[in-house]
Each structure stands twice: as structure tokens, then as C-alpha cells.
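Asker: can't give you the sequence, but here's the structure:
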């Protein structure tokens, strides 16, 4: 894994102790935390961390391409430091978002009919560069 400081430099992002702590915490999370959850997780070990710093850092990370914002439908945003193309499942009974295992997600995306994508491109006059699918679920 590339060290945070090196990634910040590569993406033209100012490197501070708080930003590194937040990014490292986000990278270690598999839960796709909200800003408040990230504040709670990182704030315990980072003195001087404010909620404003968390929000501002998340904006900077997303703008730099080191994280992404995930809509939950409930007005709460969750964040993911894995910016590779992968699928998520959003739980309907909470704002929880989970990663779909890579092999299953890849199989789903590979099976999206190419002719349907071509028809959408023609109808809308666009070129589709990728497919992003979010699955909605409830506990079984």
C-alpha cells in the first residue's frame, strides 16, 4: 500500500497530520463511514481534530480523487477510500453500505448487455465510459 504522504504529494494535496490520520483511518475502514463516524474513529487518536477538519478533509480527498462520496438516499453521505470500480450494496433499513465481493461484482458488470449500453449511448448521444451499479437490500 502506498504511504499516505506519497499519495498526497502525487495528487497535489497538502499533507497535514490531521489529513494523514483521517485518510489512514478511512483506508482502514470497510464500513464506508459517515463524516461523523470518521470523526469518532479518528478523533480518539488525533488531538486537535474538529468536525470542520473532517468535513474539509473529506472534500479535499474527494476532489483529489483519493476518496469518493456515496449517497445513501437518506441524506447521509458515506465515504470510501477505495476509488477502484466496484459494486456496493446499500441496506434499506439503515444507511450502511457494503462492498460486493470483487468476483461477484465483476461478473454482474460483465453481464450487462453491451447492446443495451449501445442503445442508451445512441438515444442520449453520449459515450458510456463505465457502469456503476448500487444494489439495494434488506436483511434476510
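Answerer: Received it, and whenever you're ready, just let me know what you need. Predicted model, so just to flag it, every value in this text is computed and none were measured.
Asker: going forward, measure contacts between C-alpha atoms and count neighbours the same way
Answerer: Fine.
Asker: name the helices or strands packed onto the one helix or strand in the chain whose mean pLDDT sits lowest?
Answerer: The helix or strand of the chain with the poorest confidence is strand 134-137; it has a mean of 86 (mean pLDDT, DSSP states H and E). Where contact means 3 or more Cα pairs under 8 Å, 6 or more residues apart in numbering; DSSP states H and E, strand 134-137 is packed against strand 88-91.
Asker: quick one: strands adjacent to the next helix or strand after the strand it packs on?
Answerer: Reading on from strand 88-91 to the C-terminus, the next helix or strand found by DSSP states H and E is strand 97-99. Its sheet considered, strand 97-99 pairs with strand 88-91 (antiparallel) by DSSP bridges.
Asker: contacting residues around the strand it pairs with?
Answerer: 72, 96-100, 133-139 (Cα atoms under 8 Å, 6 or more residues apart in numbering).
Asker: just curious, which of those is nearest to residue 58?
Answerer: For these, the residue nearest residue 58 by Cα to Cα is residue 72; the value is 16.4 Å.
Asker: I figured the closest one hits residue 95, correct?
Answerer: Yes: using Cα atoms under 8 Å, residue 72 is in contact with residue 95, at 5.6 Å.
Asker: the domain parsing of this protein - what is it?
Answerer: Following automatic domain parsing, the chain resolves into domains at 1-83, 84-140.
Asker: can you put these in a markdown table and add mean neighbour count?
Answerer: Listed next are the domains of the chain as a markdown table, based on neighbours: other Cα atoms under 10 Å:
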| stretch | mean neighbour count |
| --- | --- |
| domain 1-83 | 16 |
| domain 84-140 | 13 |
